[in-house]
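J.: A predicted structure for the sequence below; I have some questions about it.
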Amino acid sequence: MNENIHISVRHLKSFEKIAERKTSQQVTRWLAAMFFFFFILLFFPWTQNIQSNGIVTAINPGARPQTIHSTIAGRIEKWHVQEGQAVKAGDTIAFISEIKDQFFDPQLIERAHEQMKAKEATVISYQEKVQALERQIAALDENLRLKISQMENRVIQATVKVESDSIELQAALTNFEIADKQFKRQQELFQQGLVSLTQLEQRELRFQEAVAKRISAENRLISSRNDLINARIELNSIRAEFSDKIAKARSDRASSLSEQLEAEAGVIRLRNQIANFTVRFGFYYITAPQDCYINKVLVSGVGETVKEGQPIVGITPLTEDLGVELFVRPMDLPLIKKGGKVRLLFDGWPAFFFSGWPGISFGTYGGVIVAAEQNISPNGKYRILVGPDKDDEPWPLIIRMGSGAFGMSLLNNVPVWYEIWRQINGFPPEYYIVEEMDKTSGK
């Protein structure tokens, strides 16, 4: 048999099925390479994170979207702005007119000023009356002092007169006693015939003169005592009379002073009323409280009435102090600490990111947790507030308040295999403490 005979097996199907193919060897190589790549990938570092959705807001509560209310009830007369328009602080947004009848008078403030001037004149008249009564009281006090001094002198004079009359009475009594004794001795001598009748009659005449002087002295003493009593009574009467007059003058002064104070209170009330009128008239012009955009007019019709405290327009303040309001699950709240780092994606802004490798992501921006709510929100999650990270790239200027945002709170770095194992077992992320920002440096 010839060993060099060549047999073609291309037309044999059995040989084609059992023949060794190079394609299977390539697949094996590819699978081995991929397995090795994924095995190496398991040991790469993975940044654990907490993902949550939120909206763009402002860090300062006064810079968040708000509504402007009408302080007073009124009627819309004119709008000075349009929706979407930017206005400065103090610019007029709308003008309203009065609907309460007590403020219809166009000269209300002028008439109130006239009432206040009348009240001020009343205060002046009461002041003059009080001053006149004070002068009257001073005059009565002076008259009382003089009258008392005069009557006290009269009392002293009457006292001295009583003393003088008492001395004269005492002298008259002494003369009477002497005359009586002398008359009796004359009678005895006359009976003995030692003196004449003429001498007896002369002695009797002297006795009668002594009696008359005694009686006259007694009358003068009684009269002077009456004068002393009358002087004292008149002194008391003068004191009582002037006390009544002074008390009445002081009562009139107190009444006038009370009326003066009441009039001054009326002036103060009118001044307060004028100030209230002035402030109320200023409320006719509804102005912007700060630089802002006009979002939506809530009371659109001219001629429509509004109530006190009714919102009439919504605004968005112009601010660069933007932040992001994120909502995290209750189980993730213990991992949220003030000063923690967050990566943010904004709606409408192109981004390409890896949740585990934030360093190679594109279109994300850095943030810092500035506040965490202590009470759960109605959506069953806790709200956290994230501000810009000053050490990172600035946020885009084109983002607007109220737009959506997606945040990733960055935690610890772990291997990929550990993160897969943690996710399969449902374990929480690695917990670590974020250092608080230095209050003095703000970093």
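T.: The structure has been received and is ready for your questions. Residues are numbered from 1 along each chain as shown.

J.: verify the contact between Gly301 and Lys78 for me.
T.: No: contact criterion C-beta atoms under 8 Å: Gly301 and Lys78 do not qualify, at 11.8 Å. For the C-beta atoms, the positions are set from N, CA and C on the backbone; glycine is no exception.

J.: show me where this protein has its helices.
T.: Defined through DSSP state H, the helices belonging to the chain, from first to last, are 13-18, 22-41, 108-191, 197-282, 416-425.

J.: burial check on Met151, number of neighbours?
T.: Applying other C-beta atoms under 10 Å, we find 19 residues neighbouring Met151.

J.: could you find the closest non-adjacent residue to it?
T.: Taking C-beta to C-beta, 6 or more residues apart in numbering, and ignoring the residues beside it in sequence, Met151 has Leu235 as its nearest neighbour in space, at 4.0 Å.

J.: re the thing from before, minimum distance to Gly348: which of the helices of the chain has it?
T.: Judged by C-beta to C-beta, the one of the helices of the chain that comes nearest to Gly348 is helix 416-425, at 30.4 Å.

J.: got any ranges where the protein has weak pLDDT?
T.: Applying pLDDT under 70 to the chain picks out residues 1-26, 39, 41-49, 350-363, 409-443.

J.: can you dump the C-alpha atoms of stretch 380-396 in CSV for me?
T.: Extracted C-alpha coordinates of stretch 380-396, given in CSV (Å, rounded to 0.1, in the frame of the first residue of the first chain):
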residue,chain,number,x,y,z
GLY,A,380,-41.0,60.4,55.3
LYS,A,381,-37.4,61.6,54.8
TYR,A,382,-35.1,64.0,56.5
ARG,A,383,-34.1,67.3,54.8
ILE,A,384,-30.5,68.4,54.7
LEU,A,385,-29.1,71.6,53.3
VAL,A,386,-26.0,71.6,51.1
GLY,A,387,-24.0,74.7,50.3
PRO,A,388,-21.2,75.2,47.7
ASP,A,389,-17.8,73.9,48.5
LYS,A,390,-15.4,76.8,48.4
ASP,A,391,-12.5,74.5,47.8
ASP,A,392,-14.1,73.0,44.7
GLU,A,393,-15.2,74.4,41.3
PRO,A,394,-17.9,77.1,41.5
TRP,A,395,-21.5,76.1,40.7
PRO,A,396,-22.9,77.0,37.3
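
J.: what are the buried residues along it?
T.: Within stretch 380-396, the residues scored as buried using 16 or more other C-beta atoms under 10 Å are 381-389, 395.

J.: and for stretch 267-285?
T.: Neighbour-count burial for stretch 267-285 flags 267, 270, 274, 277, 280, 284 (criterion: 16+ other C-beta under 10 Å).

J.: adding distance to Gln51, write the buried residues of stretch 380-396 out as JSON lines.
T.: What follows is the buried residues of stretch 380-396, written out as JSON lines (distance: C-beta to C-beta, whole Å):
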{"residue": "Lys381", "distance to Gln51": "12"}
{"residue": "Tyr382", "distance to Gln51": "14"}
{"residue": "Arg383", "distance to Gln51": "15"}
{"residue": "Ile384", "distance to Gln51": "13"}
{"residue": "Leu385", "distance to Gln51": "17"}
{"residue": "Val386", "distance to Gln51": "13"}
{"residue": "Gly387", "distance to Gln51": "19"}
{"residue": "Pro388", "distance to Gln51": "19"}
{"residue": "Asp389", "distance to Gln51": "18"}
{"residue": "Trp395", "distance to Gln51": "19"}
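
J.: okay, and which of these map to strands?
T.: 382-388 (DSSP state E).

J.: out of those residues, who's nearest Lys119?
T.: Relative to Lys119, and with distances defined as C-beta to C-beta, the nearest of these is Leu385, at 55.3 Å.

J.: is that closest one in contact with Phe327, as I believe?
T.: No: counting by C-beta under 8 Å, Leu385 does not reach Phe327; the two are 10.9 Å apart.

J.: between the buried residues of stretch 380-396, which is closest to Leu133?
T.: Of all the buried residues of stretch 380-396, the one sitting nearest Leu133 is Leu385; the distance, using C-beta to C-beta, is 70.3 Å.

J.: ok, now which ones touch the residue lying closest to that closest one once chain neighbours are set aside?
T.: Of all residues beyond its chain neighbours, the one nearest Leu385 is Ala371 (4.2 Å), with distances taken as C-beta to C-beta, 6+ apart. Residues near Ala371 by C-beta atoms under 8 Å, 6 or more residues apart in numbering: 338, 384-385.

J.: again, but for Val211
T.: 176, 179.
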